[in-house]
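**Student:** quick one, structure for this:
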Amino acid sequence: MGMNIGDETLFSLLFADDQVIMAEDEDDVTYMFRKLVEEYGKWGMEINLQKTEYMVVRGMPHDLETSIGIIKGKTQYKYLGVTLTACGRDEQDVKNKTTRGKIAIRQLNPVLWNSIISMKTKKRIYSSFIESTTLYGAEVWTLSKKLKDKFQSTEMMFWRRCCKHSLLDKIRNDEIRNKMKVQTTLNDTIEMRQLKWYGHMRRLKSDRLPQKVWEWIPNRRRYRGRPRRTWNMAITEAMEKREMEENDVWDKEAWKLECGKRPSD
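**Tutor:** As a prediction, this is how the structure comes out:
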């Protein structure tokens, strides 16, 4: 039962009243769920099947029959604000976050188009609302060129409205950025956050779960085709662009300063 990660077996993840159980086959999941129902019953608690979902990673969705009813199979579900998918990719989560960012921008229209409100205030609004909404969970994303373009589209939508321009005006992104005096992009911020998380994770003790998951190599058959772009590849590229060395990670303050540098290319 559970999932073997190195020398540790991970059975469950807990947060507030949410619980995730994990196993490597359907029989184990069914058994673990039955035992969970029994233990909850001892404390007078019940599981809400309407809010319970079942997902097979890299598998076809199907319903799971349990002792208290049918759990619907899903190809994706949300946990702690992050969309997890059966394919294990980040496209859906990024799509959800950029969509929420654009909704927030539309709601801010009266503010962004207002010439009385200063550029400084609009930049603070961008940092407080747009970045926090759009980049939640960005530390662990693996981004393709297509996904990076989505973030560029979202942030330029904000800056254009601050300058009282639309796409129909056909003004280049560089001109808009110069007018707003902004140099750092959302993609730069994502890289910075990922590098900070990487440094924090590497400095953790070896018995901590994030460290074990990072070092874990799943025991599975390699699929046909070109290997996927990995999170480690993105970290390596971000370090090279900032001329950072692996050993720098152990100096916490120096690492933070290096993470904040803009890429050299």
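**Student:** mind showing which ranges of the stretch 151-265 of the chain have poor pLDDT?
**Tutor:** 220-226, 264-265 (pLDDT under 70).
**Student:** mind listing the helices for it?
**Tutor:** Counting by DSSP state H, counting those that start in this stretch, the stretch 151-265 of the chain has helices at residues 173-180, 186-203, 209-215, 231-241, 252-259.
**Student:** show me what counts as buried in stretch 18-36.
**Tutor:** Within stretch 18-36, the residues scored as buried using 16 or more other C-beta atoms under 10 Å are 20-23, 28-30, 32-33. In this view, the C-beta of every residue, glycine as well, is placed from N, C-alpha and C.
**Student:** and it, average pLDDT?
**Tutor:** Averaged across stretch 18-36, pLDDT comes to 85.
**Student:** just the CA atoms of that stretch, as PDB, please.
**Tutor:** The C-alpha coordinates for stretch 18-36 follow below in PDB (Å, rounded to 0.1, in the frame of the first residue of the first chain):
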ATOM      1  CA  ASP A  18      -8.800  17.600   3.100                       C
ATOM      2  CA  GLN A  19      -7.100  14.200   2.800                       C
ATOM      3  CA  VAL A  20      -5.400  12.500  -0.200                       C
ATOM      4  CA  ILE A  21      -4.700   8.800  -0.100                       C
ATOM      5  CA  MET A  22      -2.200   7.200  -2.600                       C
ATOM      6  CA  ALA A  23      -1.500   3.700  -3.700                       C
ATOM      7  CA  GLU A  24       0.000   1.900  -6.700                       C
ATOM      8  CA  ASP A  25      -3.100  -0.200  -7.600                       C
ATOM      9  CA  GLU A  26      -6.900  -0.100  -7.300                       C
ATOM     10  CA  ASP A  27      -7.200  -2.900  -4.700                       C
ATOM     11  CA  ASP A  28      -4.900  -1.000  -2.300                       C
ATOM     12  CA  VAL A  29      -6.900   2.200  -2.800                       C
ATOM     13  CA  THR A  30     -10.200   0.400  -2.100                       C
ATOM     14  CA  TYR A  31      -8.800  -1.200   1.100                       C
ATOM     15  CA  MET A  32      -7.300   2.100   2.300                       C
ATOM     16  CA  PHE A  33     -10.600   3.900   1.700                       C
ATOM     17  CA  ARG A  34     -12.600   1.300   3.600                       C
ATOM     18  CA  LYS A  35     -10.300   1.500   6.600                       C
ATOM     19  CA  LEU A  36     -10.500   5.300   6.400                       C
END
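**Student:** re earlier: nearest to E39, of the helices of the stretch 151-265 of the chain?
**Tutor:** helix 209-215 (22.7 Å; C-beta to C-beta).
**Student:** against which helices or strands is the closest one packed?
**Tutor:** Counting contacts by 3 or more C-beta pairs under 8 Å, 6 or more residues apart in numbering; DSSP states H and E, helix 209-215 packs against strand 3-5, strand 8-10, helix 186-203.
**Student:** just name the most buried of those.
**Tutor:** The highest average neighbour count among the helices and strands packed on helix 209-215, using mean count of other C-beta atoms under 10 Å, belongs to helix 186-203 at a mean of 19.
**Student:** need the residues that contact that helix.
**Tutor:** Helix 186-203 is touched from outside by 131, 134-135, 138-141, 143, 148, 151-152, 154-155, 210-211, 214, 231, 234-235, 238-239, 241-242, 244, 249-250, 252, 255-256, 258-260, 262-263, with contacts defined as C-beta atoms under 8 Å, 6 or more residues apart in numbering.
**Student:** now do the contacts for the spatially closest residue to V37 that is not a sequence neighbour.
**Tutor:** The shortest distance from V37 to any non-neighbouring residue, by C-beta to C-beta, 6 or more residues apart in numbering, is to I68 (5.7 Å). When contacts are counted by C-beta under 8 Å, 6+ apart, I68 touches 37, 47, 49.
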